[in-house]
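# Build me a model:
(one chain, ligands or ions: 1)
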Amino acid sequence: MSSFFKRPSGRIAAVATAMSAALALPVSGAFADSGGMTFSQGDTFTEKDGAALYANVCAACHLDKGQGAVGAGHYPALAKNANLESGGYPVTLVLHGQNGMPPVGQMMSDDQVAAVVNYVRTHFGNDYKDAVTAQDVKDAR
Ligand code: HEC
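Coordinates of the predicted model:
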């Protein structure tokens, strides 16, 4: 019995630790693989400008140029999207979600929702210059 305890168990413990660390890695790797995007830490997104918010939140599903994707799910293109003409529509989608679209605006301030909505409405071939305001977002919450 005592010979068991004389074994170099410290080394085994070290290997076990290394293995569990290695096992933890694919989890973060898989997340990074899903478009290379990760959500911000915590309850709220920290990015302030529309481009950064888009890149870190929306692009995970709608892709980097708003081209959307069809595969395991259907992620509509935001590029050249006439549905964005009315600013209230994307504000509502971002705040309340719809089907496969999560209500990511719940984790954003009014300013952040307005910034990201204004960003998509003036990029990717969209040219809607009537910017939505933080007050519009507040009213739609
Ligand atoms: C987890 C994936 C996901 C994320 C993240 C996401 N969306 Fe979506 N979005 C969707 C899906 C799925 C739909 C289609 C919803 C439906 O079928 O009704 C959608 C629909 C939309 C639409 C409506 C398009 C149309 O033509 O009707 C807009 C606008 C939109 N998203 C904007 C955004 C913005 C802006 C962000 C970032 C703040 C964002 N989405 C983040 C998945 C996502």
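# how is this protein carved up into domains?
For the chain, automatic domain parsing gives the domain ranges 2-33, 50-140.
# Tell me which of those sits nearest to the ligand.
Among those, domain 50-140 comes nearest to the ligand, with 2.9 Å by Cβ to the nearest ligand atom. No exception for glycine: its C-beta is placed from N, CA and C like everyone else's.
# got the end-to-end distance for that closest one?
Terminal residues of domain 50-140 lie 19 Å apart, using Cα to Cα, to the nearest Å.
# and it, how far from the chain's centre?
12 Å (Cα atoms, centre = their mean, to the nearest Å).
# out of the domains of the chain, deepest packed?
Mean neighbour count (mean count of other Cβ atoms under 10 Å) peaks for domain 50-140 among the domains of the chain, with a mean of 17.
# Just checking that domain against the ligand, any contact.
Yes: counting by Cβ under 6 Å from any ligand atom, the ligand has neighbours in domain 50-140: 57-58, 60-62, 73, 75-76, 78, 81, 83-84, 90, 93-94, 98-102, 104, 116, 120.
# Quick one, which of the domains of the chain gets closest to T44.
domain 50-140 (5.3 Å; Cβ to Cβ).
# So for that closest one, mean pLDDT?
Regarding domain 50-140, the rounded mean pLDDT is 97.
# which residues of this protein fall in strands?
69-70, 74-75 (DSSP state E).
# In a markdown table: those, plus distance to D127.
Supplementary listing: the strands of the chain in a markdown table, determined by distance: least, Cβ to Cβ, whole Å:
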| stretch | distance to D127 |
| --- | --- |
| strand 69-70 | 23 |
| strand 74-75 | 22 |
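# closest to Y128 out of those?
strand 74-75 (20.6 Å).
# Give me the sheet partners of that closest one and which way each runs.
Sheet pairing of strand 74-75 (DSSP bridges) gives strand 69-70 (antiparallel).
# Can you give the contact residues for the strand it pairs with?
With Cβ atoms under 8 Å, 6 or more residues apart in numbering as the test, strand 69-70 has contacts from 61-63, 75.
# Find the centremost residue of the protein, please.
V57 (2.9 Å; Cα atoms, centre = their mean).
# re earlier: nearest to K48, out of the contacts of strand 69-70: which one, please.
K48 lies nearest to H62 out of these, by Cβ to Cβ, at 19.8 Å.
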